[in-house]
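# Got a predicted model here, sequence first, then my questions.
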Amino acid sequence: MPAERDNCATWLHEELGLLTRVRVFLCLGQYGYHSLWRYLAAKGIDLPKPRPKFGHGVAVPLSDGS
């Protein structure tokens with residue numbers, strides 16, 4: 001539910017922020033994919049536009065910022 005997602009977003013963002021050497025995110029479902037996308041956008045990560053559609057086996061390469 002959207003309310004549950006919004007209530008948990010703070011904790012998700014804090015946990016993801018603790019990961020300092022992430023190379024790969026594996027999203028288990030569209031809901032997780034959209035949540036990760038919101039997190040990355042909030043962190044100012046350069047994301048492809050429009051957002052690639054979620055699908056099984058889809059890979060979305062991102063810039064490493066260097």
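Received it, and whenever you're ready, just let me know what you need. The model shown is predicted, which means the values in this text are computed figures rather than measured ones.

# Now do the top helix by length along the chain: which elements does it pack against?
The longest helix of the chain (DSSP state H) is helix 2-17. Contact partners of helix 2-17 among helices and strands, from 3 or more Cβ pairs under 8 Å, 6 or more residues apart in numbering; DSSP states H and E: helix 30-42. For the C-beta atoms, the positions are set from N, CA and C on the backbone; glycine is no exception.

# what's the helix it packs on in contact with?
Arg5, Ala9, Leu12, His13, Leu16, Phe25, Cys27, Leu47, Arg51, Phe54, Leu62 (Cβ atoms under 8 Å, 6 or more residues apart in numbering).

# Kindly reformat these as TSV containing distance to Ala41 and pLDDT.
Shown next, in TSV, are the contacts of helix 30-42 (distance: Cβ to Cβ, whole Å; pLDDT from 0 to 100):
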residue	distance to Ala41	pLDDT
Arg5	15	80
Ala9	12	87
Leu12	13	89
His13	11	90
Leu16	13	91
Phe25	13	92
Cys27	15	92
Leu47	6	94
Arg51	9	94
Phe54	15	94
Leu62	11	88
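
# out of those residues, which are buried?
Listed as buried from those is no entry at all; burial here means 16 or more other Cβ atoms under 10 Å.

# what about the chain, any weak spots by pLDDT?
Low-confidence segments of the chain (pLDDT under 70): 64-66.

# can you do 90?
Applying pLDDT under 90 to the chain flags the ranges 1-10, 12, 17, 20, 22-23, 31-32, 62-66.
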